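In: How does the following fold in three dimensions:
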Amino acid sequence: MQIGFIGTGVMGTGIVLNLLKAGQSVVVCNRTKAHAATVLDAGATWAETPATVAQQSQLVMTMVGYPSDVEEVYTGEQGIFAGIQAGSIVVDMTTSTPALAVKLTDLAHDHGAQALDAPVSGGDVGAKNATLTVMVGGDQAAYDRVLPIFQQVGQRVNYFGGAGKGQHTKMANQIMIAGTMTGLTEMLVYAKAAELDLPQVLETLSSGGADNWSMDNYVPRILKDDYTPGFFAKHFLKDLRIALQEADRMGLDLPATKQAKLLYEAMVDDFGLGNDGTQGLIKTYEH
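Out: The predicted structure is shown next:
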């Protein structure tokens, strides 16, 4: 299939590069063309609007920032549904709301197309190395067709059911990540105050029951004062807000996740560090 991809940020760039390496033909669109330079140099072609991408593609994939961006990309005047072909498939890989995933699936069906919500986990490292975890909801027949494409960018791909189920799974993932991020941050604050050798602490904890992906990937960056975003803190805060909204809708109280949201609100809203990676949470403790 001719693939269209909209959103060439940190994650989207890695995904598109791996599709190109796998021999796929990819046409891309991004809000700013300069931010697509890496994938264009690697062999992707450019389209001016999401509608144009849809006109040229049998499979349209999106990876943008916020649910409002997703809605605009799909339903705007020059959005995907303005140019979509009957029989095509749309795949939103943005972490967004389950309700929006259901809405987009219904709209796709109205246009004779199919839809999947397929958010991912693994950060910039996973996007670069094609080791993402892909969590999929939506049309089963579309999933069966797109699975070989997912396997070119991800190491683990799982289908969870109808529209919105991929987004629900990503919310479960983000709830878990919230705990590991606050844990690794306060571990470092404590270890530093106790005047421990921090690299040695990391090496020790990584070999025991405290080991986790976030610690292994983000603590080395913190020790180098590297706060470049593998995943933007502002986007993680968006995810936590969605997770808690969904929890409220289901009658759940998640106090630990609420506390993580408060900490990331301090980082993003109070200290203006939303463009740092999620590991920048440790800066709020300095404040």
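In: Please make it C-alpha for all contacts and neighbour counts, starting now.
Out: Will do.
In: shaky segments in the stretch 151-287 of the chain?
Out: Applying pLDDT under 70 to the stretch 151-287 of the chain flags no residue at all.
In: And the helices in it, which stretches?
Out: 165-193, 198-205, 213-223, 233-249, 255-265, 282-286 (DSSP state H, counting those that start in this stretch).
In: of these, which approaches Y143 most closely?
Out: helix 165-193 (11.5 Å; CA to CA).
In: thinking again about what came up before, so can I have a markdown table of the helices of the stretch 151-287 of the chain showing mean neighbour count and distance to L59?
Out: Below are these laid out as a markdown table (neighbours: other CA atoms under 10 Å; distance: least, CA to CA, whole Å):
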| stretch | mean neighbour count | distance to L59 |
| --- | --- | --- |
| helix 165-193 | 19 | 18 |
| helix 198-205 | 14 | 43 |
| helix 213-223 | 17 | 32 |
| helix 233-249 | 19 | 25 |
| helix 255-265 | 18 | 35 |
| helix 282-286 | 14 | 40 |
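In: so which of those gets nearest V153?
Out: Nearest to V153, of these and by CA to CA, is helix 165-193 at 16.5 Å.
In: Would you indicate which residues of the one helix or strand N18 maps to are buried?
Out: Element membership of N18 [criterion: DSSP states H and E] is helix 10-21. Residues of helix 10-21 classed as buried by neighbour count (16 or more other CA atoms under 10 Å): V10, M11, G12, T13, G14, I15, V16, L17, N18, L19, L20.
In: strands paired with the next helix or strand after it, and their directions?
Out: Using DSSP H and E, the helix or strand that follows helix 10-21 in sequence is strand 26-29. Strand pairing for strand 26-29, determined by DSSP bridges: strand 3-6 (parallel), strand 45-46 (parallel).
In: What's the mean pLDDT across strand 26-29?
Out: Computed over strand 26-29, the mean pLDDT rounds to 98.
In: residues in contact with it?
Out: 2-8, 16, 19-20, 36, 44-50, 53, 56-57 (CA atoms under 8 Å, 6 or more residues apart in numbering).
In: Many thanks, I have nothing further to ask.
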